[in-house]
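Visitor: Got a predicted model here, sequence first, then my questions.
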Amino acid sequence: MSGRGPQGPASAIRTLYQDSTRHQPHVTGYAHWLLSQGGEVRTAPTIPQRIVIADRREALVPIDPEDHRKGALHVTEPGILTALLDLYEQAWNTAVPLGAASPGDPTTGLTATERELLRLLGNGLTDDTAGQRLGISSRTVGRHMASIMERLNASSRFEAGIKAAQNGWL
């Protein structure tokens, strides 16, 4: 997701990536270049949709979110733009600036990715589907869950889910 900042100069570009891109050299290289040009870059465990918003007046939205090769819709209608801008601002405000550590929750010790993973798995998604939403492999999902289970002293995912709910982690 990317868009021009509402308060900043017309050339300010704000870009939002998934946390998983922090480990992709080509993405971080571009992101650091963008930062050097006065842009802003943040990451979040998940992003709601891949969109581009320019000057708060037009947007590009994929025709098929599962297949970007099918092209994009050019949106200029104020009602749709307002909804897309609100969605973007909500995602932006909960994201972490690139270069800043993604701190764990001081109460639970959960990172934003771990909290989102628990939410996704609690909603019945498989490891593969949750991993796709988070931009991580199912193997990484397994490592996150093993870490969570260890912190909860749980011997199964089911027990971890119960203990996470009891501890207010969900």
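Guide: Sure, I can see it.
Visitor: For residue 80, see how far away the closest residue to residue 49 other than its chain neighbours is.
Guide: Spatial nearest neighbour of residue 49, chain neighbours left out: residue 65 (6.5 Å); criterion: C-beta to C-beta, 6 or more residues apart in numbering. Heads up, the C-betas are built off the backbone N, CA and C, glycines and all. Using C-beta to C-beta, to the nearest Å, residue 65 is found at 16 Å from residue 80.
Visitor: again, but for residue 131
Guide: In this view, residue 131 and residue 80 are 30 Å apart by C-beta to C-beta.
Visitor: Give the buried residues for the lengthiest helix in the chain.
Guide: Assignment by DSSP state H gives helix 78-94 as the longest helix of the chain. Counting neighbours by 16 or more other C-beta atoms under 10 Å, one finds that the buried residues in helix 78-94 are 81, 84, 85, 87, 88, 91, 92.
Visitor: just curious, which of the residues you listed is nearest to residue 21?
Guide: residue 91 (14.3 Å; C-beta to C-beta).
Visitor: Quick check: the closest one vs residue 161, distance?
Guide: 26 Å.
Visitor: which residues touch the residue nearest to the spatial centre of the chain?
Guide: With distances taken as C-alpha atoms, centre = their mean, residue 46 lies nearest the centre of the chain, 2.5 Å away. Shown in contact with residue 46 (C-beta atoms under 8 Å, 6 or more residues apart in numbering): 18, 116, 133, 134, 135.
Visitor: With that, I have no additional questions.
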